[in-house]
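Enquirer: when you get a sec, could you give me coordinates for this:
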Amino acid sequence: MQKNHNNTQQQKKMKVGKILKISVLTALLIGCCIGAVIGYTYFVVKMQKADIKETAYINITPEDNSATIAKKLSAIEGIGSTKGFELLAKHNGFDKRKRSGRFAIKNGDNMHTIYRRIVSNEQTPIKLVVPSTRTLEQLTGAISRQLMLDSLELSGFLTNPVYYTKIGYSKETLPSLFIPNTYEVYWNIKPELLMTRMLTEHRRFWNETRLAKAKKLNMTPEEVATLASIVDEETNNHEEMPVVAGMYINRLKRGMPLQADPTVKFAIGDPTRRRILKKDLDADSPYNTYKYKGLPPGPIRVPTIQAIESVLDYKKHNYLYMCAKEDFSGKHNFARTLSEHNANARHYQQALNKLNIKK
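Expert: Presented below is the predicted three-dimensional model:
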């Protein structure tokens, strides 16, 4: 009996020992798995770094989620696995909140850095080019292509009479608000903030010095911009611009109609016209400066800074007339008298006839 009892005790001890061994091995296995997961997570989140030659950028829209962002990241050559970003996004509920903007991906960035940059909204501004265009529609299109903006949304906002009246402009003078230049803005800027920025830049441009020059000309900034828009349409030659501006200022001072062909082209809706016909001069439009004296109601395009400066610092001379040169160089022949001008005009018309240019 005693022997059987001893055997039973020994078996129990062996069984307990076996269970302990299994438990220890299981614990070690679980620990190894957890360690492996932690190690893998740490590697893909912290240790794996982008190896890219130069800073790359991704644009995130409100429609993007962690999966689509990861796809955009993976498209960057040298970024490596995006698993770390996906793990962080899943753990932190990234997709519960909409985000947008333009974000930099730099050489040496790990996924934790990239993730924190996005969730902290550490955007990189873009260099927005505001061009000199012939129409506001062209302007809104050019701006929208550079931003997270729908051109119709921006155009609808910009052409709303309630808005432009509130800021002191009319439909006709609105093109004078924009100062063509390059500005740093956020890619996801809203129309309201963009226009606030444009107003700020307009006020910054029209400093005391420029305002004083405009006052000396007895013009408002909007009127300067209007004349500058005509100068822009007359010539691309920067050296000629102050001469052209001076000629029109001479006519204004004498009470003569400007008789600027670009304003007629604007009135008939054909800015590409090379030849002005007699019937075009009869267009009944306040922009037809052959029919109506003084400046038109507003700019015929968004004027360049160069043209604005050319008006403010116009060349003083006695010219009252100008005509495109017959060599089609883009330059002009200037004249002090009508007879001189008529001779210049005949030469140009003969050149047009020779090339069979009817309009």
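Enquirer: so Val129 is in contact with Gln146, correct?
Expert: Yes. In this structure, Val129 is within contact of Gln146 by Cβ atoms under 8 Å, at 6.8 Å. For every residue, glycine as well, the C-beta is placed using N, CA and C.
Enquirer: so where do the strands sit in the protein?
Expert: In the chain, the strands defined using DSSP state E lie at 56-60, 101-105, 126-130, 181-185, 321-324, 332-335.
Enquirer: highest average neighbour count across the ones you listed?
Expert: Compared across the strands of the chain, strand 321-324 shows the largest average neighbour count, a mean of 22 (mean count of other Cβ atoms under 10 Å).
Enquirer: on that earlier part again, any residues in contact with both of Val129 and Gln146?
Expert: Residues touching both Val129 and Gln146 (Cβ atoms under 8 Å, 6 or more residues apart in numbering): there are none.
Enquirer: tell me, how many neighbours does Leu312 end up with?
Expert: Using other Cβ atoms under 10 Å, Leu312 has 22 neighbouring residues.
Enquirer: quick one: contacts for it?
Expert: Arg210, Lys213, Ala214, Leu217, Val224.
Enquirer: what's the span of stretch 92-101, first residue to last?
Expert: 20 Å (Cα to Cα, to the nearest Å).
Enquirer: what of stretch 157-168?
Expert: Termini of stretch 157-168 sit 15 Å apart (Cα to Cα).
Enquirer: for it, which residues meet the burial criterion?
Expert: Neighbour-count burial for stretch 157-168, counted by 16 or more other Cβ atoms under 10 Å, picks out Phe157, Leu158, Tyr163, Tyr164.
Enquirer: quick one: which two of these are the most distant?
Expert: Phe157 and Tyr164 (9.7 Å; Cβ to Cβ).
Enquirer: quick one, helices of this structure?
Expert: With helices called from DSSP state H, the chain shows them at 2-42, 66-74, 83-91, 111-119, 136-144, 151-158, 161-166, 191-205, 208-216, 221-234, 241-253, 261-268, 305-312, 338-354.
Enquirer: quick revisit: which two of the contacts of Leu312 have the greatest separation?
Expert: Arg210 and Leu217 (10.9 Å).
Enquirer: related to what we said a few turns ago, can you put the buried residues of stretch 157-168 in JSON lines and add distance to Leu87?
Expert: Output for these, formatted as JSON lines (distance: Cβ to Cβ, whole Å):
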{"residue": "Phe157", "distance to Leu87": "41"}
{"residue": "Leu158", "distance to Leu87": "44"}
{"residue": "Tyr163", "distance to Leu87": "46"}
{"residue": "Tyr164", "distance to Leu87": "49"}
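Enquirer: ok so, going back, save the strands of the chain as CSV, and put in distance to Gly168 too.
Expert: CSV is the format used below for the strands of the chain (distance: least, Cβ to Cβ, whole Å):
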stretch, distance to Gly168
strand 56-60, 34
strand 101-105, 32
strand 126-130, 19
strand 181-185, 21
strand 321-324, 33
strand 332-335, 35
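Enquirer: and the residue nearest to Gln306 when sequence neighbours are not counted, what pLDDT?
Expert: Leaving aside its chain neighbours, Gln306 sits nearest to His238 (5.7 Å; criterion: Cβ to Cβ, 6 or more residues apart in numbering). Looking at His238, its pLDDT is 93.
Enquirer: verify the stated contact: His238 with Thr304.
Expert: No. Applying Cβ under 8 Å as the test, His238 and Thr304 come out as separate, 9.4 Å apart.
Enquirer: what about these two, which has more around it?
Expert: Using other Cβ under 10 Å as the criterion, His238 and Thr304 rank with Thr304 on top: 21 against 12.
Enquirer: quick one, phi/psi of the more buried one?
Expert: phi -80, psi 160 (degrees, to the nearest 10).
Enquirer: which ones are touching it?
Expert: So Thr304 contacts Ser132, Pro180, Ala228, Asp232 (Cβ under 8 Å, 6+ apart).
Enquirer: just checking, Ile126 touches Glu184?
Expert: Yes. Using Cβ under 8 Å, Ile126 is in contact with Glu184, at 7.3 Å.
Enquirer: thinking again about what came up before, scan the contacts of Leu312 and report the most crowded one.
Expert: Val224 (26 neighbours).
Enquirer: pull the contacting residues for that residue.
Expert: Applying Cβ under 8 Å, 6+ apart, the residues near Val224 are Ala214, Leu217, Ile308, Val311, Leu312.
Enquirer: what's the end-to-end length of stretch 115-124?
Expert: 15 Å.
Enquirer: count of residues packed around the residue nearest to Ser155 when sequence neighbours are not counted?
Expert: Closest residue to Ser155 apart from its sequence neighbours, by Cβ to Cβ, 6+ apart: Thr140 at 4.4 Å. Counted with other Cβ under 10 Å, residues neighbouring Thr140 total 23.
Enquirer: got the contact list for Thr140?
Expert: Ser151, Leu154, Ser155, Leu158.
Enquirer: can you check Ser132 too?
Expert: Pro180, Asp232, Arg301, Val302, Pro303, Thr304.
Enquirer: now it: how far from Pro299?
Expert: Applying Cβ to Cβ, to the nearest Å, the value for Ser132 to Pro299 is 10 Å.
Enquirer: for this protein, what are the low-confidence residue spans?
Expert: 1-47, 355-359 (pLDDT under 70).
Enquirer: give the burial count for Lys279, as a bare number.
Expert: That count, for Lys279 with other Cβ under 10 Å as the rule, works out to 8.
Enquirer: tell me the spacing between it and Thr289.
Expert: Distance, Lys279 to Thr289, using Cβ to Cβ: 16 Å.
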